[in-house]
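# Give me the fold of what follows.
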Amino acid sequence: MASVILVVAALGTLRCQYYAAVHGRIAKAQMSAAHVAQLLLEDWKSTGGSTEYDPARLELGFSDPLAIPSGFSTAGGLGSTLHGGVYAITLDETRVQVMLKHRDVIDDDYAKATLRQLSVIIRFAANDDGKGGESDRRLAEMPPMTLVTYVRIDASNG
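Sure thing, here's the model as predicted:
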């Protein structure tokens with residue numbers, strides 16, 4: 001009887017450790033993705049929200065723009081997709097797709113100022129080889145993460 005109780009307790013502990021590891025990996029991937037999104041927003045903002053901005057030029061591992069995959073949905077009102085596609089990057093062995101969007105939200109002729117909304121949308125992609133495990137599957141099922149900022153075009157080099 002004592003052996004049965006010990007085995008059940010050990011299995012419960014192992015299961016708890018497994019889920020802690022899975023959720024720890026998910027949290028790490030989300031933090032990395034948020035840092036990348038913040039980096040892109042700040043770098044894009046430093047160009048004045050230029051429609052010529054290209055993360056692939058940063059030489060940090062971003063691909064050239066790829067076709068937008070099916071199922072990559074974004075919130076409404078974010079504007080036009082920069083370069084008509086998504087960029088791919090691998091963070092901590094997790095594939096990530098990044099879409100950049102922009103739109104002019106205020107165009108004030110009197111002040112001769114334009115306020116441009118810049119959006120970075122991050123979505124985790126499932127590994128093609130199926131070896132990603134439960135954390136990669138859960139990440140791929142999550143809704144996209146969206147970060148937004150604004151830049152005055154007249155106040156920069158844009």
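# Could you pull out the buried residues of stretch 11-24?
V22 (16 or more other C-beta atoms under 10 Å). Quick note: C-beta positions are derived from backbone N, CA and C, even for glycine.
# same question, stretch 34-44
36-37, 40-41, 44.
# my guess is I106 meets K112, correct?
No: if you go by C-beta atoms under 8 Å, I106 and K112 don't touch, sitting 11.9 Å apart.
# Neighbour count: these two, which is higher?
Neighbours were counted for I106 and for K112 using other C-beta atoms under 10 Å; I106 has more, 12 against 9.
# quick one: what helix or strand has that one in it?
Element membership for I106 (DSSP states H and E) is strand 94-108.
# Kindly provide the whole-number mean pLDDT of that strand.
Average pLDDT, strand 94-108: 89.
# One more: stretch 150-158?
The average pLDDT for stretch 150-158 rounds to 69.
# any idea how far T81 is from A67?
11 Å (C-beta to C-beta, to the nearest Å).
# Between these two, tell me which one has more neighbours.
Per other C-beta under 10 Å, whichever of A67 and T81 has more neighbours is T81, with 18 against 9.
# nearest spatial neighbour of that one, skipping sequence neighbours?
K101 (5.5 Å; C-beta to C-beta, 6 or more residues apart in numbering).
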